[in-house]
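Visitor: Sequence first, then the predicted structure, then my questions.
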Amino acid sequence: MTTAENPLEPQHTQRRMIHPLPVRATHWINAFAIVCMVMSGWAIYNASPLFAFTFPKWATLGGWLGGAIAWHLAAMWLLLVNGLIYLGYGVLGGHFRRHFLPLRVADLLRDLKDALSFKLAHQAGVYNAVQRLMYMAVLLLGVLVVVSGLSIWKPVQLDSLVGLFGGYEVARRVHFIAMAGIVGFVAIHLALVLIVPGTLLPMVTGRARKNELKHGPQT
């Protein structure tokens, strides 16, 4: 889907759609839900730590265990429903096929080398191999964090699901590791936005200048 271009507007200022509304809406809803889930999850973790550390109170949400659980479950359902909408659009609308595929090892190694040497080129609306891998990984982590979260929320009713993880305590650790992976993705994502701040506005408006897409895919 592309926007109509104004023939009277200079070519270098013309803009076209690179992030359709479903992508932008689900992106920001996911961002809100993830922040709520992580902060409330840290409060729940503090009530029964898995490891020899706890999270600072200012980084938690809910005030007390019951409040944190209420926030966590509300955010979980929001994330689940919004995630299903995004997955549906990504598969049926071709978003995943256009932006995340193909993912080749040679492309990944090349872009990873360029990224580590700060030479990785950026084009609005174009996902390089490193970004494709990260987005696919965080989608899988999202599925894992929801499934493991359901298993530790209802361990008796969903005992067969808990069994797939090897027990309740293992499911808790899987949930924590998946959460840590998502937090790591968000940290890298925010760092890249700071490095290339021009990527933020198109995620709000959906549009970028035409000359920024000279080699990019159309959506």
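Guide: Done, it's in. Please read all numbers here as calculations on a predicted model, not as lab measurements.
Visitor: pLDDT at residue 192, what is it?
Guide: For residue 192, the model assigns a pLDDT of 76.
Visitor: which ones are touching it?
Guide: Counting by CB atoms under 8 Å, 6 or more residues apart in numbering, residue 192 touches residue 199. Glycine gets a C-beta too; all of them are placed from N, C-alpha and C.
Visitor: Could you report the separation of it from residue 27?
Guide: Distance, residue 192 to residue 27, using CB to CB, to the nearest Å: 14 Å.
Visitor: Check residue 184 too.
Guide: From residue 184 across to residue 27, the span is 18 Å (CB to CB).
Visitor: Same check on residue 41?
Guide: As judged by CB to CB, residue 41 and residue 27 stand 21 Å apart.
Visitor: More neighbours: the two, which one.
Guide: Set residue 41 next to residue 27 and count neighbours by other CB atoms under 10 Å: residue 41 wins out with 26 against 14.
Visitor: Look up which helix or strand the more buried one falls in, please.
Guide: Assessed by DSSP states H and E, residue 41 sits inside helix 21-47.
Visitor: Pull the contacting residues for the spatially most central residue of the chain.
Guide: Centroid-nearest residue in the chain: residue 138, 5.7 Å away (criterion: CA atoms, centre = their mean). The contact partners of residue 138, by CB under 8 Å, 6+ apart, come to 181, 182, 185.
Visitor: now it, what's its secondary structure?
Guide: Secondary structure state of residue 138, per DSSP: H, G, I helix; E, B strand; the rest coil, is helix.
Visitor: want to try TSV for the contacts of residue 138, with secondary structure, pLDDT and neighbour count as columns?
Guide: What follows is these, written out as TSV (DSSP: H, G, I helix; E, B strand; the rest coil; pLDDT from 0 to 100; neighbours: other CB atoms under 10 Å):
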residue	secondary structure	pLDDT	neighbour count
181	helix	95	17
182	helix	94	19
185	helix	92	17
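Visitor: any chance of these in a markdown table, with distance to residue 86 too?
Guide: Converted to a markdown table, the contacts of residue 138 look like this (distance: CB to CB, whole Å):
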| residue | distance to residue 86 |
| --- | --- |
| 181 | 18 |
| 182 | 15 |
| 185 | 15 |
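Visitor: List just the nearest of the residues you listed to residue 79.
Guide: Nearest to residue 79 among the contacts of residue 138, counting by CB to CB, is residue 182 at 10.3 Å.
Visitor: Secondary structure element for the nearest residue to that closest one once chain neighbours are set aside, which one?
Guide: Computed as CB to CB, 6 or more residues apart in numbering, the closest residue to residue 182 that is not its neighbour in sequence is residue 141, at 5.3 Å. Residue 141 belongs to helix 129-153 when elements are defined using DSSP H and E.
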